[in-house]
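Visitor: Have a look at this prediction, sequence included:
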Amino acid sequence: APAGGRSRQALTIRAAKTSDGPRLAIAGVTGAVGQEFLQVLVQRDFPYSSCKMLASGRSAGKQMEFDGEKYMVEELKEDSFKDVDIALFSAGGSVSKKFGPIAAEQGCYVVDNSSAFRMTENVPLVIPEVNPEAMEGMKYGQGRGGIIANPNCSTIIALVAATPIHKKAGVKRMVVSTYQAASGAGAAAMAELETQAREVLDGKTPTTTIFGRQYAFNLFSHNSTVGPNGYNEEEMKLVKETAKIWNTDEVAITATCIRVPVMRAHAESINLELLNELDENEARIILESAQGVTVIDDREANDFPTPLNVSFEDDVHVGRIRQDVSRADKKGLDIFVCGDQIRKGAALNAVQIAEMLL
């Protein structure tokens, strides 16, 4: 099978700081995703005229550099958005629930990375490569604001890969098993994984502040709350968000989410049951031309996506593209997917949404 090539990058806008650009704010700027927002904005030359750095009172007064200039972090308050056009939020669900509507009422477009509004009616849940039509009519500079939700990281990574197949052959059922990195639990979890690895190798008892258990050299069921149906919150996010993004209740979805000792990129094994037959070679061609996808699928060299190789990359890597041998027909497909959780799983997707507002 061919190794595959990098697809064209979607939705890139070149401009950087300009007097007629939108006025930006970053809420939760000191966190892992907040810091990634800044890097992605610079790398994509996002046009802006000003930028506010917002965080909790604990972080207020800290200095931060962005795009060659120094900024002072301000405390996030109700009046923080009076002179802001677009705000990128990654400050947690409770903060988003409080300040998101306030910002929107003041004419600001909020791109929210938390789960606060994902399933709220009339709030678009958007992956730009998948369902840009959900944002139809939403443009900054028209005197009104609104909220757009960033999907969960595992949903984004799965659907960038699965949607091109869904559009071609129709997905009837999707079974997803995830292998999720420390970064999904924040910068403190990433630091603790590194600390634990050193401690375990030194024969010491590992520090278990974040997950309450050894993480290094181990894996465990995702740390979100398990509901009465036996599924944890992370698994149900994938189920419910996929239905909203694909705008259908007719796709059956089941998921098992596992935390693995990887720093910042998620991996997912996805089995697709299709409505129509699709040959694996045609599936590979479809994925090679899909926006936001890089195919890495070299059977001879046993070279496929890995969390390490996709770290700091914008595209989702897809490989192990093969017919489901449990079926006699060609209505089954297996793929293995990796994506950077902080970038495409969070910050990059949010910035791409912001680009669509321009």
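Guide: Received it, and whenever you're ready, just let me know what you need.
Visitor: Doesn't I165 lie inside a strand?
Guide: No. Membership of I165 in a strand is not supported by DSSP: H, G, I helix; E, B strand; the rest coil, which gives helix.
Visitor: That one and G332 touch, don't they?
Guide: No. Contact criterion Cβ atoms under 8 Å: I165 and G332 do not qualify, at 11.2 Å. For every residue, glycine as well, the C-beta is placed using N, CA and C.
Visitor: Compare these two (neighbour count), which wins?
Guide: Between I165 and G332, I165 has the larger neighbour count (other Cβ atoms under 10 Å), namely 24 against 21.
Visitor: mind checking pLDDT for the more buried one?
Guide: The predicted local distance difference test score for I165 is 98.
Visitor: for A182, same thing?
Guide: Confidence score, pLDDT, at A182: 97.
Visitor: need the contact list for it.
Guide: Contacts for A182 (Cβ atoms under 8 Å, 6 or more residues apart in numbering) come out as 189-190, 192-193, 215, 259, 261-264.
Visitor: where do the contact lists of I165 and G332 overlap?
Guide: Residues touching both I165 and G332 by Cβ under 8 Å, 6+ apart: 272, 274.
Visitor: just checking, which of the contacts of A182 belong to strands?
Guide: Among the contacts of A182, DSSP state E puts R259 in strands.
Visitor: tell me which of the contacts of A182 is nearest to F37?
Guide: Nearest to F37, judged by Cβ to Cβ, of those is R264 at 15.0 Å.
Visitor: Tell me which residues touch the closest one, please.
Guide: Contact partners of R264, counting by Cβ under 8 Å, 6+ apart, are 181-183, 190, 307, 311-312, 340-342.
Visitor: Try it again at 6 Å.
Guide: Contact partners of R264, counting by Cβ atoms under 6 Å, 6 or more residues apart in numbering, are 181, 183, 311, 341-342.
Visitor: so can I have CSV of the residues you listed showing distance to K77?
Guide: Formatted as CSV, the contacts of R264 follow (distance: Cβ to Cβ, whole Å):
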residue, distance to K77
A181, 33
S183, 28
S311, 35
Q341, 30
I342, 27
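Visitor: Separate out the buried members of the residues you listed.
Guide: Among the contacts of R264, those classed as buried by 16 or more other Cβ atoms under 10 Å are 181, 183, 311, 341-342.
Visitor: Among those residues, which one lies nearest to E273?
Guide: Of all those, E273 sits closest to Q341, with 26.6 Å by Cβ to Cβ.
Visitor: correct me, but the closest one touches Q180?
Guide: No. Taking contacts as Cβ atoms under 6 Å, Q341 lies outside contact range of Q180: 7.3 Å.
Visitor: any common contacting residues for those two?
Guide: Here Q341 and Q180 share the contacting residues H266, scored by Cβ under 6 Å, 6+ apart.
Visitor: could the contacts of R264 go into JSON lines alongside secondary structure?
Guide: Below are the contacts of R264 laid out as JSON lines (three-state DSSP):
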{"residue": "A181", "secondary structure": "coil"}
{"residue": "S183", "secondary structure": "helix"}
{"residue": "S311", "secondary structure": "coil"}
{"residue": "Q341", "secondary structure": "coil"}
{"residue": "I342", "secondary structure": "coil"}
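Visitor: if you go through the stretch 251-358 of the chain in chain order, where are the helices?
Guide: 280-288, 307-310, 348-356 (DSSP state H, counting those that start in this stretch).
Visitor: Let me know the average pLDDT across the shortest one.
Guide: Looking at helix 307-310 alone, the average pLDDT works out to 98.
Visitor: pull the CA atoms of that helix into PDB?
Guide: Only the C-alpha atoms of helix 307-310 are listed here, as PDB (Å, rounded to 0.1, in the frame of the first residue of the first chain):
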ATOM      1  CA  PRO A 307       1.200   9.600  18.900                       C
ATOM      2  CA  LEU A 308       4.900  10.600  18.900                       C
ATOM      3  CA  ASN A 309       5.000  11.400  15.100                       C
ATOM      4  CA  VAL A 310       1.700  13.300  15.100                       C
END
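Visitor: Counting by contacts, list what it packs against.
Guide: Helix 307-310 sits against strand 265-274, strand 332-340, with contacts defined as 3 or more Cβ pairs under 6 Å, 6 or more residues apart in numbering; DSSP states H and E.
Visitor: angle of the shortest one against strand 265-274?
Guide: It stands for strand 332-340. Angle of strand 332-340 versus strand 265-274, following axes from the mean of the first three to the mean of the last three Cα atoms, to 10 degrees, is 160 degrees.
Visitor: for strand 332-340, packing partners?
Guide: Contact here means 3+ Cβ pairs under 6 Å, 6+ apart; on that basis strand 332-340 packs against helix 153-169, strand 265-274, helix 307-310, strand 316-323.
Visitor: hmm, 10 Å instead?
Guide: helix 153-169, strand 171-180, strand 265-274, helix 280-288, strand 293-295, helix 307-310, strand 316-323, helix 348-356 (3 or more Cβ pairs under 10 Å, 6 or more residues apart in numbering; DSSP states H and E).
Visitor: same thing with the first one?
Guide: Secondary structure elements in contact with strand 265-274, counted by 3+ Cβ pairs under 10 Å, 6+ apart, are helix 153-169, strand 171-180, strand 252-259, helix 307-310, strand 316-323, strand 332-340.
Visitor: With distance to P132 as extra columns, can I get the ones you listed in CSV?
Guide: Converted to CSV, the helices and strands packed on strand 265-274 look like this (distance: least, Cβ to Cβ, whole Å):
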stretch, distance to P132
helix 153-169, 12
strand 171-180, 19
strand 252-259, 22
helix 307-310, 23
strand 316-323, 17
strand 332-340, 19
